[in-house]
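Novice: Predicted model and sequence below, questions to follow.
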Amino acid sequence: MRIHLIAVGGSAMHNFALALADAGHHVTGSDDQIFEPSRGRLQAAGLLPNTEGWDAARITPDLDVVILGMHARTDNPELQRAQELGLRIQSYPEFLRFATESKQRMVVAGSHGKTTVTSMILHALHKSGRKTDLMVGAQLEGFDRMVDLQAHHEWAVIEGDEYLSSPVDLRPKFLWYGPHVTVITGIAWDHVNVFPTEEDYICQFEAYLDTVQPKGVVIHCTEDDKLQHVVSRVKERRPDIRWVGYHTPRHTPTSKGSAVTFDDGTALDLALLGAHNMQNLSAARACCQAMGLPTSEFDANMVDFTGASRRLEVIHDDASRDFVAFRDFAHAPSKLKATQASVVGQFPSREVTAVFELHTFSSLNETFIPQYKDAMNAVNHAIVYFDPDVVRHKRLPELHASFVKEAFGRETLEVITDTDALAQRLADVPTENHVLLMMSSGRFGGVEFSPAPRPVTS
């Protein structure tokens, strides 16, 4: 097939380009800006556009399909040319469904933990020699890219996002996939820019469950009340589905992670922190079992799993001073609470400084920010950073530090709106008997933690 990708520089889209080229298709792409690591990976594969920007001349009648990324706008000249020519235009989730139509599809959905659960499933299957098509939201150790599509694979493992498919396809991505097996990790209101009420958001998951294939399997967290209400409603009209509940297994912190015991008595020592990761582990275990992998094999394969990229990732560790710094992708209220609880539980004798960046549309929206009430109360020192320029760029109302502090409901909360001030505050974090936790789906305005050099002692 001849395939052109509009907005090829995105995290998912450039991986799609690499996967499609590897599968033997003729692939071209375009974008107005392409940054690393996308740029280098596209260039190495011979897929980097000669110039940045949009050019309608790239769209020719011989194209079999144009894949439209979410970054593009509806007035994109390449999109308009494709529409004029009557070409097949698809979002990447629509194309992914097309490409995996003959496969058994395992989809991981939910408001939190999707990438980690998907990573666990792929890690376990990969170690057992079971290769699958895949689409996951982070780079995984042992995998060349985040997307793979091969004709001989029996299964496709897909991270199912509830956000919109493309600028011209306003359906949630996961409504395209039609899973044979799926897990929903939980429901916590997010993406307020497209789901303005919590009920709007919850309804997407009910609609998603209606897309499960006949006699499919739904694995669901029994500890999530909102999810359980949705499951109970759908159960009434989908008696053909096999419903499998899971919960957080018993676990205790260890010096290297956690000791976990499943209901069947199986005990494991893992390099993972926190209750939320034990819950993710239980979800992945049930998914792999539904896909035919014995639990004993899953358990053995997970012993060396260290987590997905940017999920409680250690960025600095000085054991001699009992200091460690983590970076985490957490950005929704439920994710913040779970991540902090994990760190505090793992290091009960150390003080913890947590820094959270308001970066997503929802987190910078004054109507949603009150959802963060008490979300930074688990740590000793809490800091919230946001960039007023990002607020303006997203065309949101001006955000005031006093409002943010009041919304979080913590009197001692520090609110920082300047990168120089943030860099100085990070430099002031104690680096002895302490933990630093940096949480964001962004980049903290380019500010990174760098511990001060220690004096040389003779």
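Specialist: Everything's here; your move. Numbers count the residues shown, from 1 in each chain.
Novice: End to end on stretch 248-258, go ahead and measure it.
Specialist: Between the opening and closing residues of stretch 248-258 we find a distance of 13 Å, counting by Cα to Cα, to the nearest Å.
Novice: Equivalent analysis for stretch 344-353, please.
Specialist: End to end - Cα to Cα - stretch 344-353 spans 10 Å.
Novice: How about stretch 430-442?
Specialist: OK, stretch 430-442 end separation, Cα to Cα: 24 Å.
Novice: again, but for stretch 30-42
Specialist: With Cα to Cα applied, stretch 30-42 spans 11 Å between its terminal residues.
Novice: Quick check: mean pLDDT of that stretch?
Specialist: Taken as a whole, stretch 30-42 has a mean pLDDT of 95.
Novice: buried ones in that stretch?
Specialist: Of the residues in stretch 30-42, those buried by neighbour count under the rule 16 or more other Cβ atoms under 10 Å are 30-31, 34, 38-39, 41-42. Backbone N, C-alpha and C define where each C-beta goes, glycine included.
Novice: List the single closest residue to Gly445 in space, sequence neighbours excluded.
Specialist: On the basis of Cβ to Cβ, 6 or more residues apart in numbering, the spatially nearest residue to Gly445 that is not a chain neighbour turns out to be Thr419, at 4.2 Å.
Novice: Contacts only, for the closest residue in space to Gly446 that isn't next to it in sequence.
Specialist: Spatially, and ignoring its direct neighbours in sequence, Gly446 is nearest to Thr419 (6.8 Å; Cβ to Cβ, 6+ apart). With contacts taken as Cβ atoms under 8 Å, 6 or more residues apart in numbering, Thr419 has the following neighbours: 387, 444-447.
Novice: repeat for His220
Specialist: His220 sits next to 183-184, 227-228, 231, 243-246 when contact means Cβ under 8 Å, 6+ apart.
Novice: Assign the residue sitting nearest the centre point of the chain to helix, strand or coil.
Specialist: Among the residues of the chain, the one closest to the centroid is Thr115, at 4.7 Å (Cα atoms, centre = their mean). Put simply, Thr115 is helix when judged by DSSP: H, G, I helix; E, B strand; the rest coil.
Novice: Could you pull up phi and psi at the closest residue to it other than its chain neighbours?
Specialist: Once flanking residues are discounted, Thr115 sits nearest to Gly137: 4.4 Å by Cβ to Cβ, 6+ apart. The main-chain torsion angles of Gly137 are listed as degrees, to the nearest 10 and equal phi -90, psi 10.
Novice: Compute the number of surrounding residues for the nearest residue to Arg242 once chain neighbours are set aside.
Specialist: By the measure of Cβ to Cβ, 6+ apart, the closest residue to Arg242 outside its immediate chain neighbours is Val217, 4.8 Å from it. Burial of Val217, expressed as a neighbour count using other Cβ atoms under 10 Å, amounts to 21.
Novice: beta partners of Val217?
Specialist: The residues listed as beta-bridge partners of Val217 by DSSP bridges are Val181, Arg242.
Novice: wait, what's in contact with Ser320?
Specialist: With contact taken as Cβ under 8 Å, 6+ apart, Ser320 is in contact with no other residue.
Novice: again with Val379
Specialist: 340, 343-344, 352-354, 437.
Novice: Going by neighbour count, which of the residues you listed comes out on top?
Specialist: Using other Cβ under 10 Å as the neighbour definition, the contacts of Val379 reach their maximum at Ala354, which records 26 neighbours.
Novice: how much space between it and Ile241?
Specialist: Using Cβ to Cβ, to the nearest Å, one gets 40 Å for the distance from Ala354 to Ile241.
Novice: And the strands in the stretch 1-150 of the chain?
Specialist: Under the criterion DSSP state E, counting those that start in this stretch, strands of the stretch 1-150 of the chain are mapped to 2-6, 26-30, 65-68, 89-91, 104-109, 133-135, 147-148.
Novice: Go through these and name the closest to Ser296.
Specialist: The minimum distance between Ser296 and the strands of the stretch 1-150 of the chain falls on strand 104-109, with 19.8 Å, by Cβ to Cβ.
Novice: what's the closest non-adjacent residue to Ala124?
Specialist: Distances taken as Cβ to Cβ, 6+ apart put Asn301 closest to Ala124, at 4.3 Å, once the chain neighbours are dropped.
Novice: what's the distance between the strand or helix carrying the one you found and the middle of its chain?
Specialist: Take DSSP states H and E as the rule and Asn301 turns out to sit in helix 295-302. Using Cα atoms, centre = their mean, to the nearest Å, the distance from the centre of helix 295-302 to the centre of the chain it belongs to is 24 Å.
Novice: taking the mean pLDDT, what do you get for it?
Specialist: Averaged across helix 295-302, pLDDT comes to 97.
Novice: what's that helix packed up against?
Specialist: On a contact count with 3 or more Cβ pairs under 8 Å, 6 or more residues apart in numbering; DSSP states H and E, helix 295-302 meets helix 114-127, strand 267-270, helix 275-290.
Novice: follow-up on the earlier one: Ala267: which of the strands of the stretch 1-150 of the chain is closest?
Specialist: When the strands of the stretch 1-150 of the chain are compared for distance to Ala267 using Cβ to Cβ, the nearest one is strand 104-109, at 25.4 Å.
Novice: Near Leu79, how many other residues are there?
Specialist: 24.
Novice: on that earlier part again, looking at the strands of the stretch 1-150 of the chain, which is nearest to Phe403?
Specialist: Phe403 lies closest, by Cβ to Cβ, to one member of these: strand 104-109, at 32.8 Å.
Novice: Near the nearest residue to Ser119 once chain neighbours are set aside, how many other residues are there?
Specialist: Using Cβ to Cβ, 6+ apart and skipping residues adjacent in sequence, the residue nearest Ser119 is Ala308, 4.1 Å away. If you count neighbours by other Cβ under 10 Å, Ala308 ends up with 26.
Novice: ditto for Asp263
Specialist: The criterion is other Cβ under 10 Å. On that basis, Asp263 has 10 neighbouring residues.
Novice: was I right about it contacting Thr248?
Specialist: No. Asp263 lies out of contact with Thr248 (Cβ atoms under 8 Å); the separation is 10.8 Å.
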